[in-house]
Every structure is written in structure tokens, then in C-alpha cells.
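> quick check, what structure comes out for this input:
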Amino acid sequence: MRKIAALIIIAVIMLYAVKTNAKSLYSWKPRLTAGGSLSVISPGGDDKDWFETSMGWGFSAHYWLKPHTQIAVHGWYSSVQVREDEYYDNLGITEAFDVWEVEGKVLHGSIELRKLYSASPKNFLYFGVGADIFWFDTIEGRYEIYTEGQPDIGVISDERSPSLTGGMHVAPGMMFLFKSFMGQMFIDVGVRLHYIMDGDTDNPLWVNPHFTTGLRIF
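Here you go, the predicted model:
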């Protein structure tokens, strides 16, 4: 009887040890991914009178709080294409230039909370909401006027008002995880719809499709 009781106790201890080991082996832990991104930024509202659709580049980092909850941090920079004809007219320029080139720049940063929906163990659909900040650099129009002597070269500057602004966005998309010779990688494809709150009646909506790829850090 004692032998049977001892065997039962040993069996229970071994079963508990195996179960505990399995839990520790397959338990989920927070993870972090980070990588570079390409973005297309398309202005809306009154900004369409100044800027054109442009390419940008930046970075993204994603931290899994839970298996299906992420915090994502984004940042990008773009040399924004400015509508040369509109910029010329909006400044009220009457003089004719032989060369007229306009350029603007914008920096963007955001933080986003995402809910992930599993399509498979390594493929996810997601929907995110976040807060944004934008900084628009001085818009510069470089001109040249050719004369009989040396050409007259100069720069006319203006700024978007306000140049520093914020807003919020929603972000549907897809994320894929896969293994490579570099380790575990990810691809994040989606679109962020930025609602910039300037305090004006026509708050612009910027559309921002993006493609991000990088590595799992841990």
C-alpha cells in the first residue's frame, strides 16, 4: 500500500513538473520589433493648395503589451513637393522668373495603440488609433532672372500657418512575421489617416500609406 501511495505521489510530482515546464516553455512574453519605412503622404483640406503627394522615409517600432495589443511609435521625414504655380500666386508675385523651384520639408511623429486580429499564428490584421505631431519647415522658392550680365538669383520664403501642429489618426493594416537569415523579421503594410487639428474650419485630412520592414529585437 505504501509503495502504491509513493508511486502516486511521484507520478503527481512529475505531472506537475511537466505541466510547469510546458507553461514556461510556451508562455508568451512581451516583444519588440523595429525597422525602416517608406511612406506616401497625400495632403488634404487647404494644404492641397500648397503641397503635392510626396514620398517620405522614417522608422517604426512596435511593442507587444499583450499577444493582440501593440504600442507603435512612428516617425518620418519628407521633402514635400510644393505646388509651384499655387505658391507663386498665393505670394502675389507679379515678376516673371526664368527659373522657379519650390521646396518644403515636414517632420512627423506619432504614438499609436493597436488591436491585432490573428489571421494565422504569424499573420495579423490590425486597427490602430493614435496622436500626431507635425512640424513644417520654411517653404522656399528659389528664383533666377537672366539678364545681360550676371543672373539675379534669390530666395522667397514663406511658412505654413501654423508650422507646428498636431492631430490624431486611425490606422488599418496588416503585419506579417517570418524567419530569415537575419533572424525573425516583420512586414507592416497599412495606411494612416491623419486628421490635423489646426483650429481652422477646414481641418486637413492627410492620407499616409506606408510600408515598413525590420527585425524582432527581443
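> is it correct that Phe136 is in contact with Val106?
Yes - taking contacts as C-beta atoms under 8 Å, Phe136 lies within contact range of Val106: 5.2 Å. For the C-beta atoms, the positions are set from N, CA and C on the backbone; glycine is no exception.
> output the below-cut-off pLDDT ranges for the chain.
1-27, 90, 199-201 (pLDDT under 70).
> where exactly do the helices run in it?
Ranges of helices in the chain, per DSSP state H, are 2-26, 84-90.
> which parts of the longest strand along the chain are buried?
Ranked by residue count and defined by DSSP state E, the top strand of the chain is strand 99-120. Neighbour counts over strand 99-120 (16 or more other C-beta atoms under 10 Å) mark Trp100, Val102, Gly104, Lys105, Val106, Leu107, His108, Ser110, Glu112, Arg114, Leu116 as buried.
> other SSEs contacting it?
If you count contacts as 3 or more C-beta pairs under 8 Å, 6 or more residues apart in numbering; DSSP states H and E, strand 99-120 packs onto strand 54-66, strand 69-81, helix 84-90, strand 123-136, strand 139-145, strand 164-180.
> export those to CSV and tack on mean neighbour count and distance to Leu32?
Converted to CSV, the helices and strands packed on strand 99-120 look like this (neighbours: other C-beta atoms under 10 Å; distance: least, C-beta to C-beta, whole Å):
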stretch, mean neighbour count, distance to Leu32
strand 54-66, 16, 5
strand 69-81, 19, 10
helix 84-90, 14, 42
strand 123-136, 18, 16
strand 139-145, 17, 37
strand 164-180, 15, 13
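> who's the residue positioned nearest the centre of the chain bridged to?
The chain has His74 as the residue nearest its centroid, 4.1 Å off, counting by C-alpha atoms, centre = their mean. Assessed by DSSP bridges, His74 has beta-bridge partners Ser60, Ser110.
> could you do Gly154 as well?
Under the criterion used (DSSP bridges), Gly154 bridges to Tyr143.
> measure it to Ser163 for me?
Remark: distance between Gly154 and Ser163 (C-beta to C-beta, to the nearest Å) = 22 Å.
> quick one: which of those two has more around it?
Between Gly154 and Ser163, counted using other C-beta atoms under 10 Å, the more crowded position is Ser163 (13 against 10).
> the more buried one and Ser157 touch, don't they?
No - the pair Ser163 / Ser157 is not scored as a contact, 11.8 Å apart, by C-beta under 8 Å.
> now do the shared contacts for these two.
Jointly contacting Ser163 and Ser157 under the rule C-beta atoms under 8 Å, 6 or more residues apart in numbering are Thr138.
> and stretch 149-167, how far apart are its ends?
End-to-end distance for stretch 149-167: 50 Å, by C-alpha to C-alpha, to the nearest Å.
> and Pro67, how far from Phe186?
According to C-beta to C-beta, Pro67 and Phe186 sit 15 Å apart.
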